[in-house]
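Undergrad: Below are the sequence and a predicted model; questions follow.
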Protein chains: 2
Amino acid sequence: MQTIEKLLESKDIRVTAMRLLIYKFLAEKEIAVTLSDIENAFEKADRTTLYRTIKTFEEKDIVHQIDDGTGITKYALCENGCNCEIETDLHLHFHCNNCNETICLTDHKIPQIKVPDGFVSENVNLVVKGICDKCSR
Amino acid sequence: MQTIEKLLESKDIRVTAMRLLIYKFLAEKEIAVTLSDIENAFEKADRTTLYRTIKTFEEKDIVHQIDDGTGITKYALCENGCNCEIETDLHLHFHCNNCNETICLTDHKIPQIKVPDGFVSENVNLVVKGICDKCSR
DNA sequence: TAATAAGTGCAATGGAAGTGCATTTGTTAT
DNA sequence: ATAACAAATGCACTTCCATTGCACTTATTA
Ligand SMILES: [Mn+2]
Ligand SMILES: [Mn+2]
Ligand SMILES: [Zn+2]
Ligand SMILES: [Zn+2]
């Protein structure tokens, strides 16, 4: 779509074939993906390119990184106007113990967390683990 | 102390010199430790032994694992009667972006998190990042 | 004391993240 | 249009941490 190119340009990211493909791949995935997932989807491309593309997207706040506790970093597109710069993604993430998929619950914002005196909270990572909607029914 | 031996026995863990030492090491640390931390504290012992000791402790719910987002697994003693079996540690963890230390905030329980219909929450991992009390003053 | 099981040490493996450098592709200035 | 330059890509390699196989030692128990 035309809009993806506009989006990339608006974030000072040069439009390349690879970047468009990776963006589309992320956009049509409803779940967070690992680098290996991307690798498998683009077997012709080099791992490094995919890695650096994701890192570029991350720096420019197009994707955010998710640490769901599996030890493998996952990535997902940011919401429109998510402003990761200011506060890292404020929504919570759900990791399914059954299918091992991780999903952004973008409507579910992270509640205010109180910390003891002397501690300063800058951001919060909240991962709920359990059974996802696909696996529970 | 006598009590450590009793504790280990009550959890069906054989008492060995190494295990007592590692337990004591964890007990006197107020922060969560990495395997490397333990390794540095016991240079004479083999990495594998330390690793397996920690894993044994983990299985028997004497320590719990903490994923603070640094990519390196950390460990800390469970609270008395923490019952990790039922619900993984319910308290929140604080990671200091300055000194890189991670601490259990055992008094600060994780609030109830609502998830969408169809999702079943089994447990929650909550890591707050910011500046710790030692670094903020 | 012999048989057995558990604990420990050494070596090696595997997976994922990250980096250096050469090559290719795209942009900009002449 | 061409040359000069900068960014993107591909390949090889490295590092770091987690994990395992197997031999050896130490502790239990028969
Ligand atoms: Mn997300
Ligand atoms: Mn803890
Ligand atoms: Zn699922
Ligand atoms: Zn600190």
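TA: Sure thing, it's come through. Ligands and ions are numbered 1, 2, ... in the order given.
Undergrad: contact partners of stretch A:26-45?
TA: Identification of contacts with stretch A:26-45 by C-beta atoms under 8 Å, 6 or more residues apart in numbering or on different chains yields A:4, A:18, A:21-22, A:25, A:47, A:50-51, A:54, A:63, A:66, A:68, A:72-77, A:93, A:101-104. Heads up, the C-betas are built off the backbone N, CA and C, glycines and all.
Undergrad: hmm, try it at 7 Å
TA: The contact list for stretch A:26-45, computed with C-beta atoms under 7 Å, 6 or more residues apart in numbering or on different chains, reads A:18, A:21-22, A:25, A:47, A:50-51, A:54, A:63, A:66, A:72-77, A:101-104.
Undergrad: Kindly report the residues of chain A close to ligand 3.
TA: A:96, A:98-99, A:132, A:135 (C-beta under 5 Å from the ion).
Undergrad: tell me which of those residues is nearest to chain B?
TA: Relative to chain B, the closest of these is A:Cys132; by C-beta to the nearest C-beta it sits at 5.9 Å.
Undergrad: how many other residues sit next to that closest one?
TA: By the criterion of other C-beta atoms under 10 Å in any protein chain shown, A:Cys132 has 23 neighbours.
Undergrad: Do I have it right that it meets B:Phe119?
TA: Yes - in this structure A:Cys132 lies within contact range of B:Phe119 using C-beta atoms under 7 Å: 5.9 Å.
Undergrad: and for these two, which residues touch both?
TA: The contact sets of A:Cys132 and B:Phe119 overlap at A:Phe94 (C-beta under 7 Å, 6+ apart).
Undergrad: Specify the beta-bridge partners of A:Leu77.
TA: Using DSSP bridges, the beta-bridge partners of A:Leu77 come out as A:Val63.
Undergrad: shouldn't it be in contact with A:Gln65?
TA: No - shown here, A:Leu77 and A:Gln65 do not form a contact pair, counting by C-beta under 7 Å, at 11.7 Å.
Undergrad: Leaving out chain neighbours, which residue sits closest to the closest residue to ligand 2 within chain A?
TA: In chain A, the residue that lies nearest ligand 2 is A:Gly69 (13.5 Å; C-beta to the ion). Distances taken as C-beta to C-beta, 6 or more residues apart in numbering or on different chains place B:Asp67 nearest to A:Gly69, at 4.8 Å, with adjacent residues excluded.
Undergrad: can you pull out the helices in chain A?
TA: A:2-10, A:17-28, A:35-41, A:47-59, A:133-136 (DSSP state H).
Undergrad: So which elements touch the fourth one?
TA: For helix A:47-59, the elements it packs on are helix A:17-28, helix A:35-41, strand A:63-66, judged by 3 or more C-beta pairs under 7 Å, 6 or more residues apart in numbering or on different chains; DSSP states H and E.
Undergrad: Can the last one be said to contact DNA strand D?
TA: No - among the residues of strand A:63-66, none lie within reach of DNA strand D under C-beta under 7 Å from any atom of the strand; the closest is 14.4 Å away.
Undergrad: Other residues contacting that strand?
TA: Strand A:63-66 has contacts (C-beta under 7 Å, 6+ apart) with A:26, A:32, A:54, A:57-58, A:73-78, A:84, A:88-89, A:93, A:102.
Undergrad: Rounded mean pLDDT for it, please.
TA: On average, the pLDDT along strand A:63-66 is 95.
Undergrad: Distance of the residue minimising distance to the centre of chain A relative to B:Phe94?
TA: Nearest to the geometric centre of chain A sits A:Ala76, at 2.1 Å (C-alpha atoms, centre = their mean). Going from A:Ala76 to B:Phe94 by C-beta to C-beta, to the nearest Å gives 25 Å.
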